[in-house]
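Trainee: Give me a 3D structure for the following:
(one chain, ligands or ions: 1)
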Amino acid sequence: MSDEVQQYSLEEIKVHNTSESAWCIYKNGVYDITKYIDEHPGGGEQLLEASGGDMTEAFDDFGHSDNALQILKKLKIGELRIEDRTTDKKTEGNCRCRKCCVIM
Ligand code: HEM
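Mentor: Numbers count the residues shown, from 1 in each chain. Take a look at the predicted model:
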């Protein structure tokens with residue numbers, strides 16, 4: 001069995017932008033937030049708007065609590081594939097990206 005983290009492309013993530021299936025990217029991690037839409041204290045609309053894309057800024061700009069981050073972490077399904085990552089966003093913990101993690 002492989003313990004490699006599932007990698008998703010931006011194209012794959014983009015189509016998951018409805019209440020039937022809502023995925024989002026947070027710091028290069030990919031999250032299936034479908035089940036959380038109805039539970040979000042800030043409303044489902046906010047989540048739906050951010051789904052299908054990167055919601056790192058929207059999430060951080062609000063200044064969510066550690067609890068919110070814990071909820072998010074539990075919804076993780078994989079990571080954005082390395083080719084689609086941008087330089088300024090590191091995944092939490094173990095980023096293996098060659099763009100943002102300069103190998104000295
Ligand atoms: C899946 C991702 C998200 C999770 C797990 C999440 C979780 C939470 C939680 C637990 C709270 C309660 C306060 C706190 O603990 O910080 C909250 C409040 C809030 N969130 Fe999120 N959030 C997410 C994404 C977003 C996004 C993308 C936005 C949009 C811009 C947003 C906007 C807000 C707002 C405005 C509140 C305040 C609601 C109020 O107190 O009236 N959230 N969120």
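
Trainee: Name the residues that touch the longest helix seen in the chain?
Mentor: For the chain, the helix that runs over the most residues, judged by DSSP state H, is helix 66-74. Contacts made with helix 66-74 from outside it, assessed by Cβ atoms under 8 Å, 6 or more residues apart in numbering, are listed as 26, 31, 33, 36, 59. For every residue, glycine as well, the C-beta is placed using N, CA and C.

Trainee: Filter the residues you listed down to just the ones in strands.
Mentor: 26, 31 (DSSP state E).

Trainee: Let's have the contacts of helix 66-74 in JSON lines, adding distance to the ligand.
Mentor: Supplementary listing: the contacts of helix 66-74 in JSON lines, determined by distance: Cβ to the nearest ligand atom, whole Å:
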{"residue": "Tyr26", "distance to the ligand": "7"}
{"residue": "Tyr31", "distance to the ligand": "6"}
{"residue": "Ile33", "distance to the ligand": "4"}
{"residue": "Tyr36", "distance to the ligand": "5"}
{"residue": "Phe59", "distance to the ligand": "5"}
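
Trainee: for the contacts of helix 66-74, which one is nearest Tyr8?
Mentor: Among those, Tyr31 lies closest to Tyr8 (Cβ to Cβ), at 10.5 Å.

Trainee: Disregarding residues adjacent in the polypeptide, which is nearest to the closest one?
Mentor: Nearest residue to Tyr31, sequence neighbours excluded (Cβ to Cβ, 6 or more residues apart in numbering): Leu75, at 4.5 Å.
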